[in-house]
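Visitor: Okay, here's the prediction I keep looking at, along with the sequence it came from:
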Amino acid sequence: MSYEQEYSASINDPHTFWADKARQLDWFTFPSTILGKDENGIDRWFTDGVMNTCHMALDANLAAGRGDQVAIYYDSPVTNSKQAITYAELTERVATFAGALRQQGVKKGDRVLIYMPMIPEAAVAMLATARLGAIHSVVFGGFAAHELAVRIDDAEPRVIVSASCGVEVNKIIEYKPLVDAAIEQARHKPERCVIYQRPQAHANLQAGRDLDWQVAVAAASPVDCTPVLATDPLYVLYTSGTTGKPKGVIRDNGSHAVAMHYSMKAIYNMNPGDTFWAASDVGWVVGHSYIVYAPLLSGLSTVLYEGKPVRTPDAAAFWRVAEEYKVKALFSAPTAFRAIKKEDPNGEGIKQHDLSALETLFMAGERLDPPTYEWVKDITGLPVVDHWWQTETGWGICANLMGIDPKPCKPGSATLPSPGYDVRILDDNGNEVGPNQQGNVAIKLPLPPSCLPSVWGNHERFLAGYLEQFPGYYTSGDGGYKDDDGYVFIMGRTDDVINVAGHRLSTGEMEEVLAGHPAVAECAVIGINDDLKGQVPIGLVLLKDGMEVEADTLNSELVARIRQEIGAVACLKDTLIAQRLPKTRSGKILRKLLRQIANGERYNIPSTIDDPASIPEIEALLRERELVAH
């Protein structure tokens, strides 16, 4: 089918469309109701279907004869270790660890909090929890004790699964003291902690509460999959909220499995036996969707990588992994490729590796700026596909369907809405606007499979945060526009739009212009308060490695670029050269934090920050240039 036919079928007859996709998976009882309503009046998919996600991801692949195929390639340059785990081996490990969890009292509907590094045991723990019909909540390994405590109190897990440590570049982070401190702070006390001991650090176990992973597994027997309803939760994943308290996004079993399986072919053009690599972390939604579940539901080999795009050992790390495992599609955040670009601007590293198996590069997690898009496209000679999605949806809202009908890419665009997503651009009054007009990006209900049906323990927060602003629509919180061809351009969060003397301007658009300068590796534009104009933008830029340029000269050139590309109305007069920018561990620049610093506001350092030392550096830089508002 063409994209237009596929998309039209999904919007005009969603019941038939998604029933057809669901039939491609191995259900215990196929649903007779494809789309219904729950007790809160929220649309729910496959309401009376009975299944188990772990069964669909593992046992069904054994039945299909894939037992000897590699399910997970584990590659850890930080520990100099590798594993190739077949579907048969992974199923045995998962079934046995599920037995160990059952011995600790875990049953259908219980929560298991997983606080793990990027090791195979993290995926095993997720799948074992799903096998029991329990609900996992994965917290990024290394999160601060207070933030872990907040999530313990919200999810109320019966068991915590963790490891003795995480391994970073030249650094070991011991997890057990963080777990102990979190449990001490939390009101809710889990009954058991199962700790995987890594050779890089030994964790002290508390008698009566803590269990050694290997000891627990040795005493356990494999268990079968527990049948669950399609609408039963598979996991709760916490994402940042405007109140400071994280939101627990609920993902149900059935609609998630259908969307994951469909997207793997439709968007990524992956077939059983191919190797897929999502260079992310299991703590993020990308890791849930495309390191663990979607590849296994689709009979692929997936890469689980414990390393960085640079410094493990160098800027050719991604290309080495892609060559070694014959990766067909690589998916990562733009920030990873900007890091490679910064250290290897001429792309020398890629020339050392045979990437003949690699067909497509996918990016998401933040806006893919056109200069990064062009650089990656130039050095690889491959299609570079930007796609846009959220923790709340679990898969691409807008994408280029490489497995159905690839379209020409447009720099700065996430291409077209994915099947099932009726994307509209609305003004602040909820009226749809025309082509090339910026507005609020919203999705007309019903949402397709995999999207959140609520927030864990707080349905009112779900309604207020997503459904109330524009009745009949899901509010994405992002701003953007559609061009004359219907291509969607996401320009950033709606609070990244600044108002300069009455003109609404996108900081994402300004960043695109700054990043096009040959000396700039990465940048952020923020709006600071101004008595005359309301807000004025300032730019923070990182230089490519080895690039030497006078700050005043660069500032003049960047200001001139903004005037030429956007106009004098932008009023950008100041750009500063920074050594690093504060980012989350998933690579998103903390623009809100930068705005608060520049505006002299009180701020909290978020738990997701990767490098807290970057904050005083930025604050000192702004004060030195007298750019902090009083």
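Guide: Nice, thanks for sending it over.
Visitor: From now on I want contacts and neighbour counts done on CA atoms only, so please keep to that.
Guide: Will do.
Visitor: Isn't Met51 up against Thr29?
Guide: Yes: between Met51 and Thr29 there is a contact under Cα atoms under 8 Å: 6.7 Å.
Visitor: Give me the more crowded residue out of those two.
Guide: Per other Cα atoms under 10 Å, whichever of Met51 and Thr29 has more neighbours is Met51, with 26 against 13.
Visitor: Report the beta-bridge partners for that one.
Guide: Beta-bridge partners recorded for Met51 (DSSP bridges): Val228.
Visitor: can you pull the contacts of it?
Guide: Neighbour list for Met51: 26-29, 227-230, 254 [criterion: Cα atoms under 8 Å, 6 or more residues apart in numbering].
Visitor: Highest neighbour count among the residues you listed?
Guide: The most crowded member of the contacts of Met51, judged by other Cα under 10 Å, is Gly254 (31 neighbours).
Visitor: Against Asn529, how distant is that residue?
Guide: Note on Gly254: its distance to Asn529, by Cα to Cα, to the nearest Å, is 47 Å.
Visitor: same question, Ala613
Guide: 25 Å.
Visitor: More neighbours: which of the two?
Guide: Per other Cα under 10 Å, whichever of Ala613 and Asn529 has more neighbours is Asn529, with 20 against 12.
Visitor: quick one: that one is in a strand?
Guide: Yes: Asn529 forms part of a strand when assessed by DSSP: H, G, I helix; E, B strand; the rest coil.
Visitor: That one and Glu617: what is the separation?
Guide: As judged by Cα to Cα, Asn529 and Glu617 stand 21 Å apart.
Visitor: Return the set of buried residues in the helix or strand where Asp378 lies.
Guide: Asp378 is part of helix 370-380 when elements are defined by DSSP states H and E. Neighbour-count burial for helix 370-380 flags 370-373, 375-377, 379-380 (criterion: 16 or more other Cα atoms under 10 Å).
Visitor: contacts for it?
Guide: If you take Cα under 8 Å, 6+ apart as the criterion, helix 370-380 is touched by 334, 337-338, 341, 346-347, 350, 383-384, 411-412, 512, 515-516.
Visitor: Pull the residues that contact stretch 492-511.
Guide: The contact list for stretch 492-511 (Cα under 8 Å, 6+ apart) reads 366-367, 369, 440, 477-480, 491, 523-527, 532-537, 539, 562, 566, 569-571, 591.
Visitor: go again using 7 Å as the cut-off
Guide: Residues from elsewhere that reach stretch 492-511, judged by Cα atoms under 7 Å, 6 or more residues apart in numbering: 367, 477-479, 491, 523-527, 533-536, 562, 570.
Visitor: Just the ones of the residues you listed in strands?
Guide: Among the contacts of stretch 492-511, the members falling in strands (DSSP state E) are 477-479, 491, 523-527, 534-536.
Visitor: Serialize those to CSV and add fields for neighbour count, distance to Ala218 and pLDDT.
Guide: Output for the ones in strands among the contacts of stretch 492-511, formatted as CSV (neighbours: other Cα atoms under 10 Å; distance: Cα to Cα, whole Å; pLDDT from 0 to 100):
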residue, neighbour count, distance to Ala218, pLDDT
Gly477, 14, 48, 91
Asp478, 17, 49, 90
Gly479, 23, 52, 90
Met491, 26, 52, 80
Cys523, 24, 51, 93
Ala524, 22, 51, 93
Val525, 24, 54, 94
Ile526, 25, 54, 92
Gly527, 27, 57, 90
Gly534, 14, 65, 77
Gln535, 19, 62, 84
Val536, 22, 63, 88
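Visitor: got the contact list for Gln579?
Guide: Leu542.
Visitor: May I have stretch 295-308 as PDB, with CA atoms only?
Guide: Extracted C-alpha coordinates of stretch 295-308, given in PDB (Å, rounded to 0.1, in the frame of the first residue of the first chain):
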ATOM      1  CA  PRO A 295      12.700  -6.100  18.400                       C
ATOM      2  CA  LEU A 296      11.800  -9.200  20.400                       C
ATOM      3  CA  LEU A 297       8.100  -9.100  19.400                       C
ATOM      4  CA  SER A 298       9.300  -8.900  15.800                       C
ATOM      5  CA  GLY A 299      11.800 -11.800  15.900                       C
ATOM      6  CA  LEU A 300      14.900  -9.500  15.500                       C
ATOM      7  CA  SER A 301      18.300  -9.400  17.100                       C
ATOM      8  CA  THR A 302      18.700  -6.300  19.300                       C
ATOM      9  CA  VAL A 303      21.900  -4.600  20.500                       C
ATOM     10  CA  LEU A 304      22.200  -3.700  24.200                       C
ATOM     11  CA  TYR A 305      25.100  -1.300  24.400                       C
ATOM     12  CA  GLU A 306      26.800  -0.200  27.600                       C
ATOM     13  CA  GLY A 307      28.900   2.700  26.400                       C
ATOM     14  CA  LYS A 308      28.800   6.200  24.900                       C
END
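Visitor: Tell me if I'm right that Ala57 and Leu296 touch.
Guide: Yes: applying Cα atoms under 7 Å as the test, Ala57 and Leu296 come out as touching, 4.9 Å apart.
Visitor: neighbour count winner among the two?
Guide: Between Ala57 and Leu296, counted using other Cα under 10 Å, the more crowded position is Ala57 (27 against 24).
Visitor: Not counting residues beside it along the chain, what's closest to that one?
Guide: In space, and not counting its chain neighbours, Ala57 is closest to Leu297: 4.2 Å by Cα to Cα, 6 or more residues apart in numbering.
Visitor: Could you report the distance from that neighbour to Val536?
Guide: Leu297 sits 49 Å away from Val536, going by Cα to Cα.
Visitor: got the domain boundaries for the protein?
Guide: Domain assignment for the chain by automatic domain parsing gives 86-226, 501-624.
Visitor: deepest of those, which one?
Guide: Burial of the domains of the chain is given as mean neighbour count (mean count of other Cα atoms under 10 Å); domain 86-226 ranks first at a mean of 20.
Visitor: Please enumerate the strands of the stretch 451-600 of the chain.
Guide: For the stretch 451-600 of the chain, the strands defined by DSSP state E, counting those that start in this stretch cover 473-482, 488-493, 497-500, 503-506, 520-530, 534-543, 574-577.
Visitor: Now distance to Ala203 too, for the ones you listed, in JSON lines please.
Guide: Formatted as JSON lines, the strands of the stretch 451-600 of the chain follow (distance: least, Cα to Cα, whole Å):
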{"stretch": "strand 473-482", "distance to Ala203": "42"}
{"stretch": "strand 488-493", "distance to Ala203": "41"}
{"stretch": "strand 497-500", "distance to Ala203": "47"}
{"stretch": "strand 503-506", "distance to Ala203": "48"}
{"stretch": "strand 520-530", "distance to Ala203": "39"}
{"stretch": "strand 534-543", "distance to Ala203": "39"}
{"stretch": "strand 574-577", "distance to Ala203": "42"}
